[in-house]
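Participant: have a look; sequence and predicted model below, questions after that.
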Amino acid sequence: MSYVTRKFVREGVVLSLRDWGGDGLGVLLLHGLAGHCGEWDGLARSLRRDGYRVLALDQRGHGASERTPADVSRRAYVDDALAVVEEFGGGERAFVLVGQSYGGHAALLAAARRHPRIAGAVLVEAGPAGSTPEDVAHVAEWLRGLPVPFASRGAAVSYFGGGAVGKGWASGFEERDGGWWPRFDATVLAASLDENAVRSWWEEWDAVDVPLLAVLGQHGIIDAEQWDGMARRQPGLRGVCLPGAGHDAHLERPEQVYGVVGAFLREAGGGGRV
């Protein structure tokens, strides 16, 4: 089972996505910061087999989409996700948004818009709390400090920790100019973090009125205080914590993520094949 790469332009920005086909409830997959849509290939293939209409977006600034967009605001990322739903959903098909980290944040904010086509959201290692300026500066420094180019894909896999996580990150790199390079501009992505250093998103969290699932890694970034606030302010929130997993839970525990996401989709919209 394979996908078709599709491109479209929104307000002058070229966006690329993998269209896995399907006739059932829509699922839009959103990767995290410095990631790429291929991180979701395993989950996309499984959900397509179950009959869902599956799309995976390379978000602006990443992968095969425009790498140096002028606008890297949170609003721009959310508008892109909703544009994909409208452009490729067909008719009045409802969609559940599934995102990891910064992609989960985009899914959250899109759900807060109360768009009539959004039927639910799955947040993998994402929540509404803001970041400290120090945290944002640390991530920006990490992005700019990547020792690129890597001599080989294997070297990139090793740098990112090896195993499924290392392979997932390295698969987003491309071979050119004598080495392996990321398909993003570190300065652009660092700028996309600016808003998170000056505000939180609890007001948007409160505005969500569709089913929500939070998938957390035991060693991830969502601490007890943030989780307690999320659960208190959204009493219907469903949460799953994956033992031993970290921030890249979708790469570390793909079968478990598929299991909990599949169960959520069946409840949220009736599933794929009937």
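Facilitator: Sure thing, it's come through. Numbering: from 1, shown residues only.
Participant: only C-alpha atoms for contact and neighbour calcs from this point on.
Facilitator: Will do.
Participant: for the record, mean pLDDT for the helix or strand harbouring Leu47?
Facilitator: Assigned by DSSP states H and E, Leu47 belongs to helix 41-49. Summarised as a single mean, pLDDT over helix 41-49 is 98.
Participant: do stretch 168-179 as well
Facilitator: Averaging pLDDT along stretch 168-179 gives 96.
Participant: where along the chain do the helices fall?
Facilitator: Listed in chain order, the helices found in the chain under DSSP state H are 41-49, 74-88, 102-112, 133-144, 153-159, 163-170, 186-192, 202-207, 224-233, 249-252, 254-269.
Participant: what does the first one rub up against?
Facilitator: What it means is helix 41-49. Taking contacts as CA atoms under 8 Å, 6 or more residues apart in numbering, the residues outside helix 41-49 that touch it are 1-2, 20-22, 54-56, 254, 258, 262.
Participant: and those residues as CSV, adding pLDDT, neighbour count and distance to Ala126?
Facilitator: Supplementary listing: the contacts of helix 41-49 in CSV, determined by pLDDT from 0 to 100; neighbours: other CA atoms under 10 Å; distance: CA to CA, whole Å:
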residue, pLDDT, neighbour count, distance to Ala126
Met1, 73, 9, 29
Ser2, 93, 12, 28
Trp20, 98, 21, 25
Gly21, 96, 21, 27
Gly22, 95, 19, 27
Val54, 98, 28, 21
Leu55, 98, 30, 20
Ala56, 98, 28, 18
Pro254, 98, 15, 17
Tyr258, 98, 17, 17
Gly262, 98, 19, 19
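Participant: returning to that earlier point: any idea which of the helices of the chain is most buried?
Facilitator: Neighbour counts averaged per stretch over those are highest for helix 102-112, at a mean of 26; criterion: mean count of other CA atoms under 10 Å.
Participant: average pLDDT for it?
Facilitator: Computed over helix 102-112, the mean pLDDT rounds to 98.
Participant: could I have that helix exported to CSV, CA atoms only?
Facilitator: Listed in CSV are the C-alpha atoms of helix 102-112, where the atom choice follows Å, rounded to 0.1, in the frame of the first residue of the first chain:
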residue,chain,number,x,y,z
TYR,A,102,4.6,20.9,17.5
GLY,A,103,2.3,19.1,15.1
GLY,A,104,0.1,18.2,18.1
HIS,A,105,0.1,21.8,19.1
ALA,A,106,-1.2,22.7,15.6
ALA,A,107,-3.9,20.1,15.9
LEU,A,108,-4.9,21.5,19.3
LEU,A,109,-5.2,25.1,17.9
ALA,A,110,-7.0,23.9,14.8
ALA,A,111,-9.6,22.0,17.0
ALA,A,112,-10.0,25.2,19.0
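Participant: now that helix against helix 74-88, angle please.
Facilitator: 70 degrees (axes from the mean of the first three to the mean of the last three CA atoms, to 10 degrees).
Participant: which residues does helix 102-112 contact?
Facilitator: Contacts to helix 102-112, defined as CA under 8 Å, 6+ apart, come from residues 30-33, 74, 77-79, 81-82, 97-99, 118, 120-128, 204-210.
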